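Undergrad: Only the shape, not the letters, is given here:
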């Protein structure tokens, strides 16, 4: 909104020229999202308390049954409101990539909200069925992938088949053409990222900080890919318009900081599926848009580890009757080993930072 109304006035008022700079607007989006989350957080949490809380799963760590009982969920609404509100204020609303990411973020957030609401109102940890959630997620993702393929196909100077190819990290011009299979691949990336973040969200502050770290990494990637000069220097495929996604990454960071104010141990609120599904979906969609889907596996390696630990645990138990981990996802395994919750959380944050730096190194090591 600011960009559309104030940037054109730069000829009359030079001060307004700052609104044409993506870096300035990204910083503005970050700070605005932070303020929105802080302001609405306290009253929204108070309202959530009047609705009650969802029961703590009895198949989780025993310590959670007492320590986390009564903590309201659906705090992800705070994050969603902050991200969407600040993006609408600071973003270039003519940019289609921005709308694709907001579409997935809001769509997955709605799915998560329905799931959380059912858990709270029915006083059960069972909300939407797993199959039902996946069907809804894949439907939203399919629309988003079709939308992005169309945008990438119409990008000026885009190589033939670029929109439906996957870039290989560490190489300049190595692409794997997937043709129509790319639609399935893109959906799997988005839905996979969404559910991986959801599985990570099990301890106070554990998921939100790695999400912010991943958003920060993809802010740089989006800015470089969307800039003709930097993309040429780094041997990246220039994708006009995707630079604007750095702004929504900034909004995610700001909203995450505001939410962390209330989610820091001991948490006053949990993000629930409302937050985890939408945040993971947003990061996955951004990765598809900037053609760095494989790099997402590196930057979001912590989320991948959490998801893989669940798959390994389930597969091992079904095939052999034995468990690989004391409990899955893997952060619960370390709880069972006697690690304190803050120790697990901070060490996982460190891992997320290291993986993000490795992912960013792929931009230069080509």
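TA: Structure received. Every value quoted in this text rests on a predicted model; they were computed, and no experiment measured them. Residues are numbered from 1 along each chain as shown.
Undergrad: So what's the gap between the longest helix belonging to the chain and the chain middle?
TA: If you go by DSSP state H, the chain has its longest helix at helix 22-51. Mean-position distance between helix 22-51 and its chain equals 16 Å (C-alpha atoms, centre = their mean, to the nearest Å).
Undergrad: quick one: average confidence on that helix?
TA: Averaging pLDDT along helix 22-51 yields 95.
Undergrad: next SSE after the host helix or strand of residue 152?
TA: Applying DSSP states H and E as the criterion places residue 152 in helix 130-153. Counting by DSSP H and E, the next helix or strand C-terminal to helix 130-153 is strand 165-167.
Undergrad: Can you name every helix or strand that that following strand contacts?
TA: strand 175-177, helix 181-200, helix 293-299 (3 or more C-beta pairs under 8 Å, 6 or more residues apart in numbering; DSSP states H and E). Yep, even glycine has a C-beta here, placed from its N, CA and C like the rest.
Undergrad: For my notes, please list these in TSV and give distance to residue 210, mean pLDDT and mean neighbour count for each entry.
TA: Shown next, in TSV, are these (distance: least, C-beta to C-beta, whole Å; pLDDT from 0 to 100; neighbours: other C-beta atoms under 10 Å):
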stretch	distance to residue 210	mean pLDDT	mean neighbour count
strand 175-177	27	91	13
helix 181-200	7	97	23
helix 293-299	9	97	22
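Undergrad: Which one of those lies nearest to residue 14?
TA: Closest approach to residue 14 among the helices and strands packed on strand 165-167 is made by helix 293-299 (38.2 Å; C-beta to C-beta).
Undergrad: what's that closest one in contact with?
TA: For helix 293-299, contacts defined as C-beta atoms under 8 Å, 6 or more residues apart in numbering pick out 166-169, 185-186, 189, 193, 213-214, 217-218, 221, 283-284, 287, 304, 355-356, 358-360, 362.
Undergrad: Please look at residue 265 and residue 345 and confirm they touch.
TA: Yes: taking contacts as C-beta atoms under 8 Å, residue 265 lies within contact range of residue 345: 7.3 Å.
Undergrad: where do the contact lists of those two overlap?
TA: Common neighbours of residue 265 and residue 345 (C-beta under 8 Å, 6+ apart) are 204-205.
Undergrad: The two: which is more packed in?
TA: residue 345 (20 against 12; other C-beta atoms under 10 Å).
Undergrad: Can you point out the helix or strand that includes that one?
TA: helix 341-361.
Undergrad: Next, the buried residues of that helix.
TA: By neighbour count with 16 or more other C-beta atoms under 10 Å, helix 341-361 contains the buried residues 341, 344-345, 348-349, 352-353, 355-356, 359-360.
Undergrad: Now find how far off-centre that helix is within its chain.
TA: 16 Å.
Undergrad: Which secondary structure elements does that helix sit against?
TA: Using 3+ C-beta pairs under 8 Å, 6+ apart: helix 341-361 touches helix 208-225, helix 293-299, helix 301-320, helix 330-336.
Undergrad: Not counting that helix itself, show me its contacts.
TA: In contact with helix 341-361 (C-beta under 8 Å, 6+ apart) are residues 203-206, 209-210, 213-214, 216-217, 220-221, 265, 295-296, 298-302, 331, 334-335.
Undergrad: what's the burial count for residue 30?
TA: Neighbours of residue 30 using other C-beta under 10 Å come to 25.
Undergrad: Help me confirm that it comes into contact with residue 254.
TA: Yes: contact criterion C-beta under 8 Å: residue 30 and residue 254 qualify, at 3.8 Å.
Undergrad: ok, residue 278 to residue 241 distance?
TA: 22 Å (C-beta to C-beta, to the nearest Å).
Undergrad: For those two, indicate the residue with more neighbours.
TA: residue 278 (31 against 20).
Undergrad: Please name the nearest non-neighbouring residue to the more buried one.
TA: Sequence neighbours aside, residue 109 is the residue nearest to residue 278 in space, at 3.6 Å (criterion: C-beta to C-beta, 6 or more residues apart in numbering).
Undergrad: re the thing from before, of all the helices and strands packed on helix 341-361, which one comes closest to residue 157?
TA: Across these, closest to residue 157 is helix 208-225 (C-beta to C-beta), at 13.3 Å.
Undergrad: Now that closest one: buried residues?
TA: 208-225.
Undergrad: cool, stretch 304-324 as well?
TA: 304-310, 313.
Undergrad: got the angle for the helix holding residue 345 vs helix 208-225?
TA: For helix 341-361 against helix 208-225, the angle by axes from the mean of the first three to the mean of the last three C-alpha atoms, to 10 degrees is 10 degrees.
Undergrad: tilt between helix 341-361 and helix 301-320?
TA: 110 degrees.
Undergrad: mind showing which ranges of this protein have poor pLDDT?
TA: The chain contains residues with pLDDT under 70 at 3, 6-11, 53-69.
Undergrad: What lies in contact with stretch 196-208?
TA: 60, 79, 210-211, 256, 259-260, 263-267, 270-273, 275-277, 279-280, 283, 300, 302-304, 306-307, 310, 329, 331-332, 335, 341, 344-345, 348.
Undergrad: now the end-to-end length of it.
TA: 13 Å (C-alpha to C-alpha, to the nearest Å).
Undergrad: what distance separates that stretch from the centre of its chain?
TA: The answer for stretch 196-208 is 11 Å, by C-alpha atoms, centre = their mean.
Undergrad: again with stretch 239-248
TA: With C-alpha atoms, centre = their mean, you get 16 Å for stretch 239-248.
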